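1. would you be able to build a 3D model of this:
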Amino acid sequence: MSKLVDRRKCHLHSIGVVEKDISRIKIYPEFCEGIEGLRSYSHIIVLYWFHQRDSNEERKTLKVVPRRHPGAPQVGVFSSRSPSRPNPIGLCVAELQDIKNCTLIVKGLDAIEGSPIIDIKPYLPKVDSIPDAKTPEWALRGPET
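-> Numbers count the residues shown, from 1 in each chain. You can find the predicted model right below:
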C-alpha cells in the first residue's frame with residue numbers, strides 16, 4: 001500500500017546562487033560534485049526561486065496580465081511566466097559557456113543577481129524541443145525570455 005503524501009509540503013534547498021546578473025551561477029561546495037559531466041552540454045535548464053516575489057500576497061496571485069507581452073489578455077498564472085505565483089519558481093534555458101571550479105558561466109539567464117538556484121538539468125534537444133508546439137498569439141509578442 002502506498003504512503004499518502006501531504007500535497008502541501010515540499011522541502012527545497014537552494015544549490016547555488018546567481019552572481020552578476022546573467023553570467024555566473026555559483027554552486028555551493030556541498031553540491032559541486034553534482035555538476036560533473038555538465039561541461040559536455042551546450043545548454044542547461046536552470047530552475048530558480050523568484051525570491052523577491054516570495055510573499056503571502058504574491059503567492060495568492062492566480063490571474064495576471066503578462067506585462068512583457070504587449071496586448072496580452074488577462075490569463076491564469078499557469079498560462080504565463082509571471083514571477084507572482086503560488087510557488088515562485090523560475091525556469092530558463094541558458095547557454096553554458098564555461099565552468100570554473102564550482103561556478104557556471106552562462107549566457108541568456110534571466111534570473112537576477114542573488115536568485116537562489118534550486119536545480120540544474122541538462123538541455124536535451126531530442127526531449128526538450130517541441131517543433132510543432134502551439135502558443136497563443138499574444139505570447140509571440142515581447143522578449144524571448
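
2. the top strand by length along the chain - contacts with which helices or strands?
-> When the chain is parsed with DSSP state E, its longest strand is strand 89-100. Using 3 or more C-beta pairs under 8 Å, 6 or more residues apart in numbering; DSSP states H and E, the elements in contact with strand 89-100 are strand 43-49, strand 103-109. In this view, the C-beta of every residue, glycine as well, is placed from N, C-alpha and C.

3. partner strands of that strand, parallel or antiparallel?
-> Strand pairing for strand 89-100, determined by DSSP bridges: strand 43-49 (antiparallel), strand 103-109 (antiparallel).

4. distance from the chain centre to the very next helix or strand once past the last one, please.
-> This points to strand 103-109. Later in the chain than strand 103-109, the nearest helix or strand by DSSP states H and E is strand 116-122. Relative to its parent chain, strand 116-122 has a centroid offset of 8 Å by C-alpha atoms, centre = their mean, to the nearest Å.

5. which parts of the longest strand of the chain are buried?
-> 90, 92-94, 96, 99 (16 or more other C-beta atoms under 10 Å).

6. for the record, mean pLDDT for that strand?
-> Across strand 89-100, pLDDT averages out at 95.

7. need the buried residues of strand 89-100 in JSON lines (columns: distance to residue 117).
-> Formatted as JSON lines, the buried residues of strand 89-100 follow (distance: C-beta to C-beta, whole Å):
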{"residue": "90", "distance to residue 117": "10"}
{"residue": "92", "distance to residue 117": "10"}
{"residue": "93", "distance to residue 117": "14"}
{"residue": "94", "distance to residue 117": "11"}
{"residue": "96", "distance to residue 117": "13"}
{"residue": "99", "distance to residue 117": "14"}
